[in-house]
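In: Predicted structure and sequence below. I'll ask about it afterward.
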Amino acid sequence: MKTLTTWALAATLALGGAAQAHEFGFAGILSSSNKGEMPGITLSVGKPLAEGPITLKSGMVYELEIEADGTGELALEGPGFFRAIWVNEVVVNGLEIRPFGLESLEFDEAGVMEIEFVAIKPGRFFLRIPGSDGESQRVDIAIE
């Protein structure tokens, strides 16, 4: 019994030491030291979604703020992009939703949605208003 207790104590100390040596903070990958900046997206009839292309870094946490001004029922799709990220939470009117994944989203009226995610898969993706073909109704996103 004494040997088993000694081994358990040694394993606990070894694991505790390894956890302290990790480069991320207490909250792991979602810690504030691992957050990147991302410009917001505006859904408005006849206006561009965002300024130019967006570049993200794989492994970083981002918060995407999407604001709809209510000028029309507008959706946003980007299945390739949504499959290349891990969604931590979606916040709508203070309600936190933790979905398994996203394919698209839609605003029926004015409002703000925040999506906190970790960029995972490197590549080139897009978010766009479904059915539109104008360059301003699409934003290109690269994950490096």
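Out: Sure, I can see it.

In: is the residue lying closest to residue 124 once chain neighbours are set aside in a bridge, and if so with what?
Out: Spatial nearest neighbour of residue 124, excluding adjacent residues (CB to CB, 6 or more residues apart in numbering): residue 142 at 5.2 Å. To be clear about C-beta, it is placed using only N, CA and C from the backbone, and glycine gets the same treatment. Listed by DSSP bridges, the beta-bridge partners for residue 142 are residue 55, residue 124.

In: which residues touch residue 142?
Out: Neighbouring residues of residue 142 by CB atoms under 8 Å, 6 or more residues apart in numbering: 53, 54, 55, 56, 123, 124, 125.

In: where does this structure dip in pLDDT?
Out: Confidence mapping of the chain against pLDDT under 70 gives the ranges 1-32.

In: center of this structure, which residue is that?
Out: Central residue of the chain (CA atoms, centre = their mean): residue 117, 2.0 Å from the mean position.

In: measure it to residue 47 for me?
Out: Applying CB to CB, to the nearest Å, the value for residue 117 to residue 47 is 24 Å.

In: The closest residue to residue 35 other than its chain neighbours and residue 99, how far apart?
Out: Using CB to CB, 6+ apart and skipping residues adjacent in sequence, the residue nearest residue 35 is residue 61, 4.8 Å away. Computed as CB to CB, the residue 61 to residue 99 distance reads 16 Å.
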